[in-house]
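**Student:** Predicted model follows, preceded by the sequence.
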Amino acid sequence: MMNDKKNKVYFSTAFDCPLRILDAIKLRYYFTLNNFKVVDSPKNADYYLYITCAATMSIVQKEIETIIELKKSECELIVMGCMPGANQKELNAVFSGKTVSTKHIETIDTYFPDFRIKFNEVPEVHTYDFGNYVFLDINPNASFFQLLFKYGFSHTLLRQMQRHKDYKQFLKKNKHAITSEPCFLKICAGCSNNCTYCNIREAVGELKSKTPATIIDEYEKLLKQGYRIFHFVAEDICSYGLDMHGTLHELLESLSGIDAGYHVKWSLEGVHPGWLVEHQDNIVPFIKSKKIWEITLSVEHGSDRMLELMNRHYKINEVVKTLEVLRKTNPGIKINAMLIEGFPSETDEDYNKTLELLRKIRFDCVTMSAYSEFNKRPSSKIFPKVADEVLQDRLLKTKQLLNKLNTPVIRGDL
């Protein structure tokens, strides 16, 4: 007798967002724990879980095209991630099947009512396969002359030399620990900010912080398992604790109090510059001890006028002063930036202020995105719009400057 039970599932993520990849891995465990088989091809699957991104309209449009194709497959398609909720109207125009939004990911249970283990009962996921993970882009065996050939006589060379020295010491102190891969601590979900251009907030929902006790328990277990490189991640990491009368720096102090005797490295992803300015004195001790080795800053623009239109509450000169303090405290700290170009009404003067910021700070890596318009967001009502040929010219000039500065650049909107 043929077994017609549907118990095979296939996963794919539309965009390399660490948060959604972690969601996908947790979903894999969810199905595996409930006796489903995860298959490596949709041709062998009964269910296809497609986890989407909604950061830019170009990404949404590509996903819509993919969904139209996926509907032709024999397996049942379930669309998850940020498009449901953020771009439900566009999704409904081409797809009438099952959907699960990021902010309500636990409702996957409603489609599988017979599952014994519910989604919220599945343990948190902290790792995924990076391939060949390289700490801070460092080759610990690189000689001075190799670094000199790559970076020339520059501030970048001095920072790289400091990092190599620190990393070798880190490896020496962690001979029997796991330093070949990082792990992720997702400390909260949702967002408390209201940037005028952002399409993600509707998808991720209101801020929901994990309790300090929960995070401490996760951290202690990971330390005991041998992990020493930690990435703190969230959609809005700096708002951690605001929904429970706490703060991010208080959480970091609590975690630092329990890892005595361990030699660890922390990375803070998606740091709000306003928070960094406000809490500079609280963060400096972690920079000085070299525990915080990397900060990725959502700086967005170099013009105060643009930041005000974006509803980003900080001044660039204050951000620059804080970053100079951090670099002076530890010259080897890696500071990355995320930038948006072509925001409505951006003038040459505004744009040049971003270039000035890049020259002054010399970030270690820059994720550069073209402004993407969503009609429901307030930024769509700001005029005039930047002509596409002007935008493309600015993107090219920015990339050329970053190449000249030996700064790796990533396009975050493609």
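**Tutor:** That came through, no problem. Numbering: from 1, shown residues only.
**Student:** how about Lys230, secondary structure?
**Tutor:** No Lys there; residue 230 is Phe. At Phe230 the chain is in strand, as set by DSSP: H, G, I helix; E, B strand; the rest coil.
**Student:** no no, Tyr262
**Tutor:** coil.
**Student:** contacting residues for it?
**Tutor:** Listed by CB atoms under 8 Å, 6 or more residues apart in numbering, the contact set of Tyr262 reads Leu223, Arg228. C-beta coordinates here come from the backbone N, C-alpha and C atoms, glycine included.
**Student:** swap the cut-off to 6 Å and go again
**Tutor:** Leu223 (CB atoms under 6 Å, 6 or more residues apart in numbering).
**Student:** what do you get for Tyr167?
**Tutor:** Residues in contact with Tyr167 (CB under 6 Å, 6+ apart) are Ile138, Pro140.
**Student:** after the helix or strand encompassing it, next one along is what?
**Tutor:** Following DSSP states H and E, one finds Tyr167 within helix 155-173. Per DSSP H and E, helix 155-173 leads on to strand 183-186 as the next helix or strand towards the C-terminus.
**Student:** From the contact counts, what lies against that next one?
**Tutor:** When contacts are defined as 3 or more CB pairs under 6 Å, 6 or more residues apart in numbering; DSSP states H and E, strand 183-186 sits against strand 229-233.
**Student:** Next SSE downstream of the strand it packs on?
**Tutor:** Past strand 229-233, further along toward the C-terminus, the next helix or strand under DSSP H and E is helix 248-256.
**Student:** thinking again about what came up before, can you give me the buried ones in the helix holding Tyr167?
**Tutor:** Thr156, Leu157, Arg159, Gln160, Met161, Arg163, His164, Asp166, Tyr167, Phe170, Leu171 (16 or more other CB atoms under 10 Å).
**Student:** Lowest-confidence entry in those residues?
**Tutor:** Minimum pLDDT across those is recorded for Thr156, with 78.
**Student:** Point out where the stretch 51-200 of the chain drops to low pLDDT.
**Tutor:** 129-137 (pLDDT under 70).
**Student:** quick one: the strands in it?
**Tutor:** For the stretch 51-200 of the chain, the strands defined by DSSP state E, counting those that start in this stretch occupy 76-81, 98-99, 183-186, 188-189.
**Student:** who touches stretch 117-132?
**Tutor:** 21-22, 25-26, 29-30, 33-34, 106, 108-109, 183-184.
**Student:** buried ones in that stretch?
**Tutor:** Residues of stretch 117-132 classed as buried by neighbour count (16+ other CB under 10 Å): Phe119, Val122, Val125, His126.
**Student:** Which single one of the residues you listed is nearest to Leu70?
**Tutor:** Proximity of those to Leu70 (CB to CB) peaks at Phe119, which lies at 22.5 Å.
**Student:** For Tyr30, see how far away the closest one is.
**Tutor:** Phe119 sits 5 Å away from Tyr30, going by CB to CB, to the nearest Å.
**Student:** Quick one: distance of stretch 239-251 to the chain centre.
**Tutor:** 19 Å (CA atoms, centre = their mean, to the nearest Å).
**Student:** wait, Tyr219 sits on Leu255?
**Tutor:** Yes - using CB atoms under 6 Å, Tyr219 makes contact with Leu255 at a distance of 5.4 Å.
**Student:** The stretch 51-200 of the chain: helices as residue ranges?
**Tutor:** 57-70, 83-86, 88-92, 144-151, 155-173 (DSSP state H, counting those that start in this stretch).
**Student:** what angle separates the last one from strand 229-233?
**Tutor:** Going back to what we said before, that points to helix 155-173. If you take axes from the mean of the first three to the mean of the last three CA atoms, to 10 degrees, helix 155-173 sits at 120 degrees to strand 229-233.
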